[in-house]
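Student: coords below, sequence missing:
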């Protein structure tokens with residue numbers, strides 16, 4: 001493309017030079033010829049006036065005095081009544097430019113100039129035109145190279161950007177080139193790169209969230225199945241199977257919530273529910289794990305509370321906090337429920353070292369962890385809480401106190417507009 005741009009620009013310049021150069025040479029040649037013709041005729045008329053004045057005064061024509069009036073390289077022939085024919089200069093050979101002047105006293109003056117003088121002048125003009133044309137060609141080549149580089153370099157950059165996108169590198173370059181069409185392509189590529197980056201981030205986030213959030217339900221399900229395999233009591237098998245089915249339902253709900261949250265973190269399906277049942281279910285589910293670790297998990301606070309949210313999501317948030325206390329905390333874990341204003345609050349605390357002071361609320365950011373964990377659990381828990389209009393906060397760092405705030409009143413939905421009759 002670069003060579004084509006240079007060749008096309010050079011071709012246009014050469015055509016322009018050829019058209020205007022030939023026209024200029026023709027016009028200049030005609031102008032020089034006419035100027036030479038006018039010059040010899042003017043000189044002939046001047047000499048006619050001088051000679052007539054001499055004739056009227058009956059003076060003899062002086063060749064030396066008249067020679068001063070004749071331009072070099074010109075030949076003059078003078079014929080006057082009563083005077084011998086007079087010739088001045090050397091008669092030129094070949095083609096000449098001739099001028100003739102006549103006076104009222106019968107004086108005839110003929111001036112001749114070699115056409116080679118005109119040819120030399122035309123040649124000098126041709127040299128000037130050729131020099132200007134050469135400069136124009138050089139300038140055109142330089143301009144064509146510059147324009148070609150200006151156009152081909154952005155195209156090369158855009159091709160590299162597209163290749164990077166195809167290879168899985170979605171970083172936008174935010175580079176512009178001052179050419180509207182190319183800048184438009186760069187805008188489209190950058191917006192596509194940002195969309196691809198968001199898609200890849202969402203996929204990676206979904207994979208990380210799924211691996212983290214599914215771990216606990218799968219572990220609990222595995223424990224129930226192990227209980228079934230080691231017991232011969234049919235009643236125990238039925239009880240454990242029923243609990244396993246509940247775990248499968250929770251697992252399905254976790255997957256659904258993860259998929260929904262990956263598409264739009266603000267999407268929620270909040271409904272009024274019994275908060276005590278969720279808290280009780282989580283305490284009973286995690287008690288065996290705490291017992292195995294030589295620790296205890298207890299609940300206290302206000303009973304009979306109802307809140308607005310998604311029960312499965314609230315259960316996942318509680319599970320994340322309880323698991324976090326099991327892995328990083330110490331002593332007894334306490335779940336306390338209370339009411340503040342129009343909000344139901346579930347506090348989770350333990351007797352461990354707490355959250356490092358340098359972390360604070362950054363503990364909810366992804367990849368932020370104070371105990372070499374994945375740094376995903378609390379971030380996912382906060383997203384789940386906010387999806388239904390609640391919030392998850394760190395109220396105290398030492399000992400750690402995490403609190404889930406849920407509304408106790410359903411959000412009012414706008415009534416559909418009725419058509420006007």
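Tutor: Nice, I can see it. In this text, all values refer to a predicted model and were calculated from it rather than measured experimentally.
Student: ok, and the closest non-adjacent residue to the residue nearest the centre of the chain?
Tutor: In the chain, the C-alpha nearest the mean C-alpha coordinate belongs to residue 174, at 3.7 Å (Cα atoms, centre = their mean). Leaving out its chain neighbours, the residue that sits closest to residue 174 by Cβ to Cβ, 6 or more residues apart in numbering is residue 190, at 6.1 Å. From N, CA and C alone the C-beta is placed, and that goes for glycine too.
Student: also residue 385?
Tutor: Of all residues not flanking residue 385 in the chain, residue 392 sits nearest, at 4.3 Å (Cβ to Cβ, 6+ apart).
Student: in a strand, the one you found, correct?
Tutor: Yes. Counting by DSSP: H, G, I helix; E, B strand; the rest coil, residue 392 is part of a strand.
Student: which residues are in contact with it?
Tutor: Residues near residue 392 by Cβ atoms under 8 Å, 6 or more residues apart in numbering: 317, 364, 378, 381, 382, 385, 386, 402, 403, 404, 405.
Student: now intersect the residues you listed with the helices, please.
Tutor: Per DSSP state H, helices hold the following members of the contacts of residue 392: 317, 378, 381, 382, 385, 386.
Student: wouldn't residue 331 be in contact with residue 294 here?
Tutor: No. Assessed by Cβ atoms under 8 Å, residue 331 is found out of contact with residue 294, at 10.3 Å.
Student: between the two, who's got more neighbours?
Tutor: Using other Cβ atoms under 10 Å as the criterion, residue 331 and residue 294 rank with residue 331 on top: 13 against 6.
Student: on the three-state scheme, that one is what?
Tutor: When classified by three-state DSSP, residue 331 comes out as coil.
Student: quick check, pLDDT for it.
Tutor: At residue 331, the pLDDT value in this model is 92.
Student: go on, residue 120?
Tutor: With respect to pLDDT, residue 120 has a value of 87.
Student: now it: which helix or strand?
Tutor: helix 115-166 (DSSP states H and E).
Student: nearest residue to residue 395 in space, ignoring adjacent ones along the chain?
Tutor: Nearest residue to residue 395, sequence neighbours excluded (Cβ to Cβ, 6+ apart): residue 401, at 4.4 Å.
Student: any idea how far the one you found lies from residue 336?
Tutor: Separation of residue 401 from residue 336 (Cβ to Cβ, to the nearest Å) stands at 9 Å.
Student: how far out from the middle of the chain is the longest helix along the chain?
Tutor: For the chain, the longest helix by residue count, based on DSSP H, is helix 2-56. The chain centroid and the centroid of helix 2-56 are separated by 56 Å under Cα atoms, centre = their mean, to the nearest Å.
Student: residue 218 reaches residue 244, doesn't it?
Tutor: No. Look at residue 218 against residue 244 with Cβ under 8 Å: they stay out of range, at 11.4 Å.
Student: more neighbours, those two?
Tutor: More neighbours surround residue 244 than the other of residue 218 and residue 244, with 18 against 13 (other Cβ under 10 Å).
Student: ok but that one is inside a helix, no?
Tutor: Yes. The assignment for residue 244 (three-state DSSP) places it in a helix.
Student: how near is it to residue 221?
Tutor: Using Cβ to Cβ, residue 244 is found at 6 Å from residue 221.
Student: report pLDDT for residue 186.
Tutor: The model reports residue 186 with a pLDDT of 81.
Student: buried sites along the helix or strand residue 113 falls within?
Tutor: Assigned by DSSP H and E, residue 113 belongs to strand 108-114. Neighbour-count burial for strand 108-114 flags 108, 109, 110, 111, 112, 113, 114 (criterion: 16 or more other Cβ atoms under 10 Å).
Student: domain parsing for the protein?
Tutor: Following automatic domain parsing, the chain resolves into domains at 2-137, 170-210, 214-263, 267-407.
Student: can you put these in CSV and add distance to residue 151?
Tutor: What follows is these, written out as CSV (distance: least, Cβ to Cβ, whole Å):
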stretch, distance to residue 151
domain 2-137, 7
domain 170-210, 7
domain 214-263, 42
domain 267-407, 43
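Student: out of these, nearest to residue 153?
Tutor: Shortest distance between residue 153 and the domains of the chain, using Cβ to Cβ, is found for domain 170-210: 7.9 Å.
Student: quick revisit: among the domains of the chain, which is the most enclosed?
Tutor: Comparing the domains of the chain by mean neighbour count (mean count of other Cβ atoms under 10 Å), domain 267-407 ranks first with a mean of 18.
Student: chain center to that one: distance?
Tutor: On the basis of Cα atoms, centre = their mean, domain 267-407 sits 43 Å off its chain's mean C-alpha point.
Student: stretch 237-252 too?
Tutor: That offset, for stretch 237-252, works out to 53 Å (Cα atoms, centre = their mean).
Student: mean confidence for stretch 293-307?
Tutor: Averaged over stretch 293-307, pLDDT sits at 91.
Student: er, stretch 151-170 actually
Tutor: Mean predicted lDDT for stretch 151-170 stands at 76.
Student: pull out the buried residues from that stretch.
Tutor: Using 16+ other Cβ under 10 Å as the burial criterion, the residues of stretch 151-170 that qualify are 151, 154, 157, 158, 161, 165, 170.
Student: closest to residue 26 among the residues you listed?
Tutor: residue 151 (37.2 Å).
Student: the closest one against residue 179, yeah?
Tutor: Yes. Here residue 151 reaches residue 179: they are 7.1 Å apart, a contact under Cβ under 8 Å.
Student: re the thing from before, where do the contact lists of residue 401 and residue 336 overlap?
Tutor: 347, 349.
Student: and residue 87, how close does it get to residue 103?
Tutor: 18 Å.
Student: then residue 51?
Tutor: Look at residue 51 and residue 103: by Cβ to Cβ, they are 7 Å apart.
Student: find the nearest non-adjacent residue to residue 76, please.
Tutor: Residue 76's closest residue in space is residue 88 (Cβ to Cβ, 6+ apart), at 4.2 Å.
Student: hey, what's the residue nearest to residue 395 bridged with?
Tutor: Applying DSSP bridges to residue 401 gives these bridge partners: residue 349, residue 396.
Student: surely it and residue 350 touch.
Tutor: No. The criterion here is Cβ under 8 Å, and residue 401 misses it with residue 350 at 9.1 Å.
Student: follow-up on the earlier one: got any residues that touch both of residue 51 and residue 103?
Tutor: Common neighbours of residue 51 and residue 103 (criterion: Cβ under 8 Å, 6+ apart): residue 109.
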